[in-house]
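**Student:** quick check, what structure comes out for this input:
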Amino acid sequence: MAVAGGLLADAEAAFARYEAIRHRLPMARFAAQSQRLASLDAVADHVDGFLLDAFGVLNVGDTAIPGAVARMASLRARGKRLAVLTNAASYTRAQLLAKYHRLGFDFTADEVVASRDVAVSWLERIAPGATWAAIASGDDSFADIPARLLDAVADPGALKAADGLLFLSTARWTPPLQRRLVDALRDNPRPFVIANPDIVAPREDGLTLEPGLFANDLLDVVKTGAHWFGKPFPEAFAEGIARTGLAAGRLAMVGDTLHTDVLGGAAAGCRSVLVTDHGLFAGRDTAPFIAASGIIPDFIINSP
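**Tutor:** This next block holds a predicted model:
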């Protein structure tokens, strides 16, 4: 079982875990081979718009990737539609928008699709009138969530008392809490909503462990009703595609991971772009990972 709250600076281990849970991911068909291009400006010759991962494409942690702000401006000048499609479920859309503006990007609220919002929009359909135990960061007020939520970290008893469980953040997650979560869902299976399917995320000092890692660890040993929202799952892509007003085939999903960005984009009918220099595969040759997984992006670029 993974250790929460730490850093996993090992892309090989993350890749292996993604492959091990491949049966839980959408099915997709991929290009026969990838085309290497210089940047997103070159990819723009092939599509009318982009769905953009944030971590590894626009920023690493709280730092903008060099040239990313200028690249977005260049794409806009060419009339390309843009939408950010992020699995950062710890933040409200307003907080995300403020972060992007602080980093120099000019995205509007309508151009930001967060897995948090997608998951929240499904809660009432999954369990009408439910009380949810939320695994979240300490400063999360839940003000944007129109449901009754209990803080599952501050009150571990909520894991047993709630009608359903909502996983938003690993900021305060610990091995003892993971064991309590496993026991709670083994003893009483209930809806389990994971609003961030990522296993890791790139930050300045390594790869952080994300909700998808711990959710998959749990599902390896407990049978319960799991509901995934965010890349690579279809609801997030449907929302992102709708925001652009374009057909899926006229869009390219741009990301740093094969199993969330490239696979999810292909499953949604989009083209795909793997960025190699700043995210999960930074400093590594991506060819062995592509060959081992069979997840083949349409385009490969070093940096946006």
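
**Student:** what ranges do the helices span in the chain?
**Tutor:** Under the criterion DSSP state H, helices of the chain are mapped to 11-20, 40-43, 68-77, 93-102, 115-126, 158-161, 175-187, 211-219, 234-244, 263-267, 287-293.

**Student:** for the ones you listed, which one sits closest to G138?
**Tutor:** Proximity to G138 (Cβ to Cβ) singles out helix 175-187 among the helices of the chain, at 13.2 Å. C-beta: built from backbone N, CA, C; applies to glycine.

**Student:** centre of the chain versus that closest one, how much separation?
**Tutor:** On the basis of Cα atoms, centre = their mean, to the nearest Å, helix 175-187 sits 24 Å off its chain's mean C-alpha point.

**Student:** mean neighbour count, the helices of the chain: which tops it?
**Tutor:** Among the helices of the chain, helix 263-267 has the highest mean neighbour count (mean count of other Cβ atoms under 10 Å), at a mean of 27.

**Student:** keeping just the C-alphas, turn it into CSV.
**Tutor:** The C-alpha trace of helix 263-267 is given here as CSV (Å, rounded to 0.1, in the frame of the first residue of the first chain):
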residue,chain,number,x,y,z
LEU,A,263,-6.0,7.3,-23.3
GLY,A,264,-8.9,9.5,-22.1
GLY,A,265,-8.6,11.8,-25.1
ALA,A,266,-8.6,8.8,-27.5
ALA,A,267,-11.6,7.2,-25.8
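
**Student:** what pLDDT, on average, does it get?
**Tutor:** Per-residue pLDDT values across helix 263-267 average out to 98.

**Student:** could you tell me how far that helix lies from the centre of the chain?
**Tutor:** That offset, for helix 263-267, works out to 13 Å (Cα atoms, centre = their mean).

**Student:** now do the same end-to-end measure for stretch 12-27.
**Tutor:** Its first and final residues considered, stretch 12-27 spans 22 Å by Cα to Cα, to the nearest Å.

**Student:** now stretch 138-145
**Tutor:** Note: stretch 138-145 ends 16 Å apart using Cα to Cα.

**Student:** try stretch 80-89
**Tutor:** Start-to-end, stretch 80-89 (Cα to Cα) is 26 Å.
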